[in-house]
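>>> Fold the following and give me the result.
(2 chains)
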Amino acid sequence: GDSVTQMEGPVTLSEEAFLTINCTYTATGYPSLFWYVQYPGEGLQLLLKATKADDKGSNKGFEATYRKETTSFHLEKGSVQVSDSAVYFCALTPRQAGTALIFGKGTTLSVSS
Amino acid sequence: GAVVSQHPSRVICKSGTSVKIECRSLDFQATTMFWYRQFPKQSLMLMATSNEGSKATYEQGVEKDKFLINHASLTLSTLTVTSAHPEDSSFYICSARGILPVNTEAFFGQGTRLTVV
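Modelled structure (predicted):
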């Protein structure tokens, strides 16, 4: 079945460092891909998305490119801030309409000043 | 993006009592809503899928008599934790998706921190 695999954390960085969180997927068809962010004690917020191959999603300095040839959707940011500390989830749309998104296990990012 | 409102954000209840959590889609019709449970430092665990006007579909291992789900309208789904016990303490999150287009993202509520004492 469809699945999402993302790198295990925690990822610990200093402020202004470069961030990469790897995400690969297995899916039939052409799913949309998402990155969600969860700040402590809160629900999930959509960070960015891409709906077809070679699309680049971007938001708040974060970027991810839908790579069909490598079935990847890695999250990157050139210069992280302390406020970026959160849990990041990669997700995809399942083939069946009306069913839940399929999530990776989440990667905790901790940024120190 | 669309807004999903979840209430309450925090609740403390005594063992044996029931707690109701509401999830509302504020600006779109959510034919399908999802309920998740999240343990500390862990990923989301899908509990059930709630379809408006029909019975919820529960994931394997989730007790349907303990976690009652009602989706009476296109904008409201409720999760009732019945006869709560301390092991039910957790963070519960609801989510909603529109049915079309197929590849729409999901929108999440703010979550409810349930503590059973």
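>>> can you list contacts of stretch A:63-79?
Stretch A:63-79 has contacts (CB atoms under 8 Å, 6 or more residues apart in numbering or on different chains) with A:16-27, A:33, A:35, A:47-48, A:50-58, A:61-62, A:84, A:88, A:90. All C-beta spots, glycine's among them, are computed from the backbone N, C-alpha and C.
>>> What's the PyMOL line that selects buried ones from those residues?
To isolate the buried members of the contacts of stretch A:63-79 in PyMOL, using 16 or more other CB atoms under 10 Å in any protein chain shown:
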select buried, chain A and resi 19+21+22+23+24+25+27+33+35+47+48+50+51+55+57+62+84+88+90
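>>> from the contacts of stretch A:63-79, which ones fall inside strands?
Those of the contacts of stretch A:63-79 mapping onto strands are A:19-21, A:23-26, A:33, A:35, A:47-48, A:50, A:56-58, A:62, A:88, A:90, per DSSP state E.
>>> picking up where we left off before, quick check: which of the contacts of stretch A:63-79 are also close to chain B?
Within the set of those, contact with chain B (CB under 8 Å from any CB of the partner chain) is found for residue A:51.
>>> Kindly report the residues of chain B close to chain A.
Within reach of chain A by CB under 8 Å from any CB, chain B has these residues: B:1, B:4, B:6, B:31-32, B:34, B:41-44, B:46, B:49, B:51, B:93, B:95, B:97, B:99-100, B:102-111, B:113.
>>> Next, the distance between the ends of stretch A:11-31.
27 Å (CA to CA, to the nearest Å).
>>> Need the contact partners of it.
Contact with stretch A:11-31 is made by A:2-7, A:33, A:35, A:52-53, A:64, A:70-82, A:84, A:88, A:90, A:92-95, A:104, A:107-113, B:103, as judged by CB under 8 Å, 6+ apart.
>>> who touches residue 36 in this structure?
I'll assume chain A. Contact partners of residue A:36, counting by CB under 8 Å, 6+ apart, are A:44-47, A:88-89, A:91, A:103, B:108.
>>> hm, I was asking about chain B
Residues in contact with residue B:36 (CB under 8 Å, 6+ apart) are B:44-47, B:92-95.
>>> Quick one: which of these is the most crowded by neighbours?
Highest neighbour count within the contacts of residue B:36: residue B:94, with 31 neighbours (other CB atoms under 10 Å in any protein chain shown).
>>> list the buried ones in stretch B:45-60?
Neighbour-count burial for stretch B:45-60 flags B:45-52, B:56, B:58 (criterion: 16+ other CB under 10 Å).
>>> Using PDB, write out every CA atom in that stretch.
Provided in PDB are the C-alpha atoms of stretch B:45-60 (Å, rounded to 0.1, in the frame of the first residue of the first chain):
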ATOM      1  CA  MET B  45      -2.600   7.500  15.000                       C
ATOM      2  CA  LEU B  46      -5.800   7.500  12.900                       C
ATOM      3  CA  MET B  47      -8.700   6.400  15.100                       C
ATOM      4  CA  ALA B  48     -11.700   6.600  12.800                       C
ATOM      5  CA  THR B  49     -13.200   8.200   9.700                       C
ATOM      6  CA  SER B  50     -16.400  10.000  10.200                       C
ATOM      7  CA  ASN B  51     -18.800  10.400   7.200                       C
ATOM      8  CA  GLU B  52     -21.700  12.800   7.400                       C
ATOM      9  CA  GLY B  53     -25.000  11.000   8.000                       C
ATOM     10  CA  SER B  54     -23.500   7.500   8.300                       C
ATOM     11  CA  LYS B  55     -21.600   5.400  10.800                       C
ATOM     12  CA  ALA B  56     -18.000   6.000  11.500                       C
ATOM     13  CA  THR B  57     -15.400   3.600  10.300                       C
ATOM     14  CA  TYR B  58     -13.000   2.700  13.000                       C
ATOM     15  CA  GLU B  59      -9.400   1.600  12.600                       C
ATOM     16  CA  GLN B  60      -8.400  -1.800  13.900                       C
END
